[in-house]
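# A structural model of the following input is requested.
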Amino acid sequence: MTTPLFRLDAYQTEATGVVVAHTPEGGIVLDQTLFYPMGGGQPGDSGRLMCQGRSLPIATAVKAEGEQIALVMAEPMALPPIGTALRQAIDWPRRHRLMRMHTALHLLSVVIPLPVSGGAVAETRSRLDFDMPEAPEDRETLEDYLNQLVDQDLPVTEEWITDDALRANPGLVKTMSVAPPMGSGRVRLVRIGQGTDQVDLQPCGGTHVARTGEIGRLRLGKIENKGRHNRRVYLHLED
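Below you'll find the model as predicted:
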């Protein structure tokens, strides 16, 4: 198992690591990593590994066998041998934009309180697909509400519950197409707001900002018809 340092501190940008395995596809597995692996609609992190005077560009990270995380090279290069100690650094500006957008999508699911049938996180334009027969007519109102939630600078925190506790509370799950990250015996919940100011609580394995004020100005983009009961809603970071 790879220790997910991104889960302990989403703001850590550099760390040490030791190569413990290579995947058949040519991925590098470390004993611990800052690189978030692609999943839940969020792309894997990119960045660099530094060892023995070399700088190895990492294009992305993916989940591998046995709860390992494999780092995928951006170009063909000799892999550092197993046992090599190195330093890892993520592309922080990119990661932070993804964190801002991921948290913003959680807010979008608050503003449009309908089941989510799909989604994708990107750096400046992301989307959620909703089980929504008709497109909303009050787009400006929805956008204003979104930015009010940002301006409230609500805290974004996490907690863990058991798989059984989640099964007993199916209303926590908003997504129809992506199952919550279950199977290890416990599930991570991401909460936005506290007490009477809480606006959202749902299972999520992604990385998020610490407060909604970090997101910045949001713009509601186009709404596409993707089927009889499916509307795709785009969301943009304005900076």
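# can you map out the helices along this protein?
Along the chain, the segments classed as helices by DSSP state H run 5-8, 92-111, 139-151, 163-167.
# Let me know which of the ones you listed is tucked in deepest.
With neighbours defined as mean count of other Cβ atoms under 10 Å, these peak in mean count at helix 92-111, which reaches a mean of 21. C-beta: built from backbone N, CA, C; applies to glycine.
# Check the offset of that one from the chain's centre.
The chain centroid and the centroid of helix 92-111 are separated by 8 Å under Cα atoms, centre = their mean, to the nearest Å.
# Poorly predicted segments of this structure, please.
Applying pLDDT under 70 to the chain flags the ranges 176-184.
# rewinding a little: quick one, which of the helices of the chain gets closest to E25.
Of all these, helix 5-8 sits nearest to E25, with 21.5 Å by Cβ to Cβ.
# Contacts for the closest one next, please.
Contact with helix 5-8 is made by 12, 15, 32-36, 45, 188, 207, as judged by Cβ atoms under 8 Å, 6 or more residues apart in numbering.
# same deal with stretch 44-64?
Contacts to stretch 44-64, defined as Cβ under 8 Å, 6+ apart, come from residues 6, 17, 23, 27-29, 33-39, 43, 69-75, 77, 80, 84-91, 94-95.
# can I get the CA coordinates of that stretch in CSV?
The C-alpha coordinates for stretch 44-64 follow below in CSV (Å, rounded to 0.1, in the frame of the first residue of the first chain):
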residue,chain,number,x,y,z
GLY,A,44,-4.2,12.6,-11.4
ASP,A,45,-1.5,15.0,-10.3
SER,A,46,1.5,15.9,-12.4
GLY,A,47,4.9,17.0,-11.2
ARG,A,48,8.5,15.8,-10.9
LEU,A,49,10.7,13.3,-9.1
MET,A,50,14.3,14.3,-8.3
CYS,A,51,17.0,11.7,-7.7
GLN,A,52,20.7,11.2,-8.4
GLY,A,53,20.9,14.5,-10.2
ARG,A,54,18.0,13.7,-12.5
SER,A,55,14.6,15.3,-12.8
LEU,A,56,11.9,12.9,-14.0
PRO,A,57,8.7,14.5,-15.3
ILE,A,58,5.5,12.8,-14.1
ALA,A,59,2.5,13.2,-16.3
THR,A,60,-0.2,11.7,-14.0
ALA,A,61,-0.8,9.3,-11.2
VAL,A,62,-3.1,6.3,-11.3
LYS,A,63,-4.4,3.6,-8.9
ALA,A,64,-2.5,0.3,-9.1
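# Buried residues in it, which are they?
Buried positions in stretch 44-64, judged by neighbour count with 16 or more other Cβ atoms under 10 Å: 44-49, 51, 56, 58, 60-62, 64.
# Keep only those of the residues you listed that are in strands.
Per DSSP state E, strands hold the following members of the buried residues of stretch 44-64: 47-49, 51, 56, 58, 60-62, 64.
# hang on, Q152 packs against R211?
No: between Q152 and R211 there is no contact under Cβ atoms under 8 Å: 9.2 Å.
# Let me know whether P203 touches R186 as I believe.
No: the pair P203 and R186 does not pass the contact test of Cβ under 8 Å, sitting 10.6 Å apart.
# the more surrounded of the two?
P203 (21 against 15; other Cβ atoms under 10 Å).
# Please report how far the more buried one lies from Q194.
Distance check for P203 against Q194: by Cβ to Cβ, to the nearest Å, it reads 18 Å.
# ok, now which ones touch E238?
216-219.
# Reformat the residues you listed as JSON lines; add neighbour count and distance to D144.
Shown next, in JSON lines, are those (neighbours: other Cβ atoms under 10 Å; distance: Cβ to Cβ, whole Å):
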{"residue": "G216", "neighbour count": "15", "distance to D144": "15"}
{"residue": "R217", "neighbour count": "13", "distance to D144": "12"}
{"residue": "L218", "neighbour count": "21", "distance to D144": "10"}
{"residue": "R219", "neighbour count": "13", "distance to D144": "11"}
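# Thank you kindly, that will do.
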